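> Have a look at this prediction, sequence included:
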Amino acid sequence: MEIKNEFFRSLRPEAAPISSMEKLSVLPVWKNNRVEIYSAEKREVGITRVDLIYSCGSLYQTKNAQAQTCMQLLLSGNDSTSAEQIQTHLDSLGAIVQTECTMLDSIISIKSLTEKTIETIHYVFEQILAVSFLESELQNYQQIQIADLARKQQTPGYWSRRNCMENIYEKESPICNFTETKDILNLNSSDLIAFKDMLLGSSNIKIVVSGDYSNSVINLLSSFYEDRKTHSLSIKRENKTVVASFPSIQKTLENSNQINICCALHLGSFSEKEIHHLSLLNLIFGGFFGSRLMQEIREKRGLTYGIHSYLNFNGSGYDLMISSDTNSSKVEETIGAIQELMESLKTNPPAAEELEKAKRYYCGQLRASFDGPFQLSSKIRSLSNKNYSVDYYNLAIPAILSAKTESIQKLAEKHFDQNRLFWSFAGNISKHISV
Amino acid sequence: MIEYNKFVLENGLRVLHHFDADCNNAILNVLYNVGARDEEESHTGFAHLFEHLMFGGSINIKHYDREIELSGGSNNAYTTNDLTNYYISLPVENIETAFWLESDRMLSLDFSQESLDIQKGVVIEEFKQRCFNAPFGLLWHHVRNLLYKNHPYKWPTIGLEISHIQDATLDLVKSFYFKHYHPENAVVVVAGNIDIERTKELSKKWFESIAPRGVINKNKYTPDSPILQRQLLKTEDLSPNNAVFICWRGAKYMDIESIGLEMFADMLGGNETSILHQACVKKSGLFNAAESFYMRSAEEGIFMIYGILNDTITHEDAEKMLLELTQEYLFHTESDSLEYRLQLSKNKARTSLLLANTNLMNKAQKLAFYENMGDANLANTEALQYQSITLSEVLHAAKKHLNFLAPAVVFYSPKTIQQNGN
């Protein structure tokens, strides 16, 4: 079949690098000594979103699974209002309320039809204040979570990550608090009430209002937090790193079909300026489709459906993590490739084209991450968790563009120490895997 | 409301344009009217394998992903039983790069045995990851095999078996490409801070000279006869709990009955306030999950009720309980109560659709999808369809398609788990 291949098609259109973006402003529209309220640019989208961000995550829990359970059951009602009544009422308002709990923070996210926002916020706050964490609700939640946990524990990815973290951090570290059945069963209502009181009474609460909203929403939120009781936080637990006494660990799951690899390397803490160069290094190594890991291990050798590296923030610093599900019979080849590629960043650092590609990708993605009416919340959350100023975003592009081959190479030489890289394997393992 | 313009190029390619001044990035979305249902039964998984091959280089462009990354963009694709969809998101200043890339691979791919061999390896690993390493990974293999006997919906997008992917040849791949990847079988959507004139200019420049092939997918498939008796499959799985899945074929996407089925599924088992969850999980404690949903497809979709069981109930009793609850709900619940539940489902649908329309990518893909279904404006009227459906229509759809004497049922039991740590 003849194909009309015109000459102009071989000419790449000009593509300009992103060299600037609109400055982010994070000045609150209202604040007191505990709460700051931020508002995004209004958009006529018919939905209002209110995110309540509490700097009180599982770092402050006094029992495993306490924080997560509390957040999941925040709208579970009390003796006079059942969880079903609450959910039914929210459905009648067309409202979606979601909660999230991480190590660093806890979030209540309310999405409502614009015309129902005031009513929705009143209702949600009322129910959260009145929740009593009934035993029946807790028991119901426990049996669901136990079954869910049992399913997760069938997957290689769960075990490789868990074994990895439990070998590079002290056992008591929050980052190692992988929930077990006994943890779920060990909780009672008073544990959940204690965490809720601490959460709602904490300071450093950030509220972000976005989408289609009126000023009455901000007025309502500010009036709610005008005078509220504070509760002191429990002791904040720290993640303490350790040096593993052996380089790897493996766990056989005979019913699996692949091997999941999880690697971790402590990197330490980085300022809001330094982190962009580190992020660029990670990008080139394994942080996007054009990375060395992806191109070599998946696209050239077909050893995996996916492999990537990422920077994991542990509350005070970063770990480099690598993750992949790989063909069981080729795991040693995959290990060798990861090791070579990690070393190559020191011996064969990114030349101009590779570095330029990563920079352009990073800048483009960063600017695009501000698209949409609801993005402000994630930005404020990120800054709060990492204790960065708004310069993290506003000076990002100049920081990225200033990176040179030499600076990336120096970072790799300083931090990519394979002697400190810990390997964890789980899956269809028939013999000892050496690294 | 998603405002859009539409024009058709001389080669038959349909192009839609949606203006949105509020985004830094623009989207170029290309939907091809080819999915797993267009495969041969002996070569399943092909449409999805082909999706991967589309990233292996085209006639003028060796490294597709590299060009997008240099433009500061990202891209991906997905394949369903009905279609294959490719999308690029990149800074609006660089939108012409997206036109260059997508038009080049519509023109012709750089076929090579090496690329084919590598992507086979990747897709096989994906198969293992999704189907063998995840609980209920083979569910859709089982369900589709029970529900469809003649229709090509009987196999899932990932493919029936790894050997089908392994056996793909370069000739088969080329034949698949030339049959399905051409202007008359595609819809392009451009969305973002780009005006209609520029969109027309770029569309004409890059796409118009790609020759049509005169082969339009008429989407005609061998139909299936009604299922007249219960079918049961018993199987083992990674999940440590017993589970029961009960399914029926449903209505076509464009029939109002498919919305009726979707609403009924939400009313019956869509969240924790539903009758299924309350009876099975909360009150009896016999299940740790019980839900229902309707998966819409261009042709007959799939209505599913499922339960993950605790140790205190057998498969057979669980099936009986789920079916009895559904029948009770459908035939013997007071209409006031059902009207109220329907209104709740409509409220949720309204909020979900509004939220979806705040995302530029969602809007672009929705326009492409509905244009491929015959009318892009359905992207704007779907909300009204959900709000205006009556209880009578919902119940009619459920009663028509849920034959309680002839469900397709899958019983899952746990595989024996062996774990060793070293």
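Sure, I can see it. What you see is a predicted model; the values in this text were computed from it and never measured. Numbering: from 1, shown residues only, chains lettered A, B, ... in the order given.

> didn't residue B:259 look like it was pressed against residue B:384?
No - Residue B:259 is not in contact with residue B:384 according to CB atoms under 8 Å; the separation is 10.8 Å. Backbone N, C-alpha and C define where each C-beta goes, glycine included.

> Report the contact partners of residue A:366.
For residue A:366, the contact set (CB atoms under 8 Å, 6 or more residues apart in numbering or on different chains) comprises A:18, A:21, A:393, A:396, A:397, A:400.

> filter these down to the ones near chain B?
Near chain B, judged by CB under 8 Å from any CB of the partner chain, the entries from the contacts of residue A:366 are A:18, A:21.

> most surrounded residue in the contacts of residue A:366?
Most neighbours among these, by other CB atoms under 10 Å in any protein chain shown: residue A:18, with 25 neighbours.

> Now do that one against residue A:311, distance only.
To residue A:311, residue A:18 is 21 Å away according to CB to CB, to the nearest Å.

> How far away from the center of its chain is whichever helix or strand residue A:356 is part of?
Element membership of residue A:356 [criterion: DSSP states H and E] is helix A:352-368. Relative to its chain's centre, helix A:352-368 lies at 22 Å (CA atoms, centre = their mean, to the nearest Å).

> Return it as PDB; C-alpha atoms alone will do.
Extracted C-alpha coordinates of helix A:352-368, given in PDB (Å, rounded to 0.1, in the frame of the first residue of the first chain):
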ATOM      1  CA  ALA A 352      23.100  18.000  27.100                       C
ATOM      2  CA  GLU A 353      20.200  16.300  25.200                       C
ATOM      3  CA  GLU A 354      19.200  14.000  28.000                       C
ATOM      4  CA  LEU A 355      19.400  16.700  30.600                       C
ATOM      5  CA  GLU A 356      17.500  19.100  28.400                       C
ATOM      6  CA  LYS A 357      14.700  16.600  27.900                       C
ATOM      7  CA  ALA A 358      14.400  16.000  31.600                       C
ATOM      8  CA  LYS A 359      14.300  19.700  32.400                       C
ATOM      9  CA  ARG A 360      11.700  20.500  29.800                       C
ATOM     10  CA  TYR A 361       9.600  17.600  31.000                       C
ATOM     11  CA  TYR A 362       9.900  18.700  34.600                       C
ATOM     12  CA  CYS A 363       9.100  22.300  33.900                       C
ATOM     13  CA  GLY A 364       6.100  21.400  31.700                       C
ATOM     14  CA  GLN A 365       4.700  19.000  34.300                       C
ATOM     15  CA  LEU A 366       5.200  21.500  37.100                       C
ATOM     16  CA  ARG A 367       3.300  24.200  35.300                       C
ATOM     17  CA  ALA A 368       0.600  21.800  34.200                       C
END
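
> what's the following helix or strand after it?
Heading C-terminal from helix A:352-368 (DSSP H and E), you reach helix A:376-386.

> Pull the contacting residues for residue 301.
Went with chain A since none was named. A:330, A:333, A:337, B:118, B:121.

> Wait, chain B was what I had in mind.
Residue B:301 neighbours (CB under 8 Å, 6+ apart): B:249, B:250, B:251, B:252, B:253, B:258, B:261, B:294, B:295.

> ok, now residue B:403?
B:226, B:227, B:228, B:248.

> Quick check: it vs chain A, distance?
30 Å (CB to the nearest CB, to the nearest Å).

> quick one: contacts of the helix or strand in which residue B:395 is found?
Here residue B:395, judged by DSSP H and E, is contained in helix B:391-401. Helix B:391-401 is contacted from outside by B:248-251, B:256-261, B:263-264, B:267, B:303, B:330-331, B:335, B:338-339, B:342, using CB under 8 Å, 6+ apart.

> Thanks again, I'm all set now.
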